[in-house]
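[1] okay, here's the prediction I keep looking at, along with the sequence it came from:
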Amino acid sequence: MSGKKNSFEIIGIIGKPHGIKGFVYVRMFTGYPDSILKNIKFYADETANEEMVFEQSANLTGKNGPRTVIKFKGVNSRNEAESLRGKSLYGFISEKKLDDGTYHIDDLAGCAVYAPGGTLLGYVTEVQNYISNDVLFVEPLKKTLNKKNFKKNLIMIPMIEDYIENIDIELKKINLSIIPEYI
């Protein structure tokens, strides 16, 4: 990827209202919501006809992990916020070339994950941000793994140096240095 490109893509889904002043929870499909929220125009449809103007946001941490709440201009009550529930949030995202060895968290989705020795374990379905580190959710190739350790039959791998040997975004490949003990 060289220079700059613009892409129109879904960046989240609007959830239930938060409070009485028009804020809504948004399930963000990105690992860098702060940079996206401040830099793009939002649309509530794929045709970019229904523009939504960003006014304010906050990141909340609760028992279910980090969550984003957003206030859009013109949405000033809980009832108005409720009318947005379930809508997909789209935006034109401008991407700049990243330095070597860096990547966007979104780029990890779909990467093949290999155990030491080159055995394919599965593919990354999502990355979630936790307080201590990000966690890869990997759908295993073999469903015979100990399922009680997995959320919806997914392998959870902390993104820390102890487990990740290297990440090659161009080849969509993640090599593990060790397999987590619970697998």
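    Here it is on my side, so go on. Model, not experiment: these values are computed from the prediction.
[2] do you know how far Tyr43 is from Gly74?
    Counting by Cβ to Cβ, to the nearest Å, the gap from Tyr43 to Gly74 is 14 Å. Any C-beta I mention is one placed from the backbone N, CA and C, and that applies to glycine too.
[3] between these two, who's got more neighbours?
    More neighbours surround Tyr43 than the other of Tyr43 and Gly74, with 21 against 10 (other Cβ atoms under 10 Å).
[4] burial of the residue lying closest to the more buried one once chain neighbours are set aside, as a residue count?
    Computed as Cβ to Cβ, 6 or more residues apart in numbering, the closest residue to Tyr43 that is not its neighbour in sequence is Tyr90, at 4.5 Å. Residues near Tyr90, counting by other Cβ under 10 Å, number 22.
[5] quick one: pLDDT of Tyr90?
    With respect to pLDDT, Tyr90 scores 82.
[6] SS state for it?
    strand (DSSP: H, G, I helix; E, B strand; the rest coil).
[7] show me what contacts it?
    Tyr90 is in contact with 8-11, 42-46, 48, counting by Cβ atoms under 8 Å, 6 or more residues apart in numbering.
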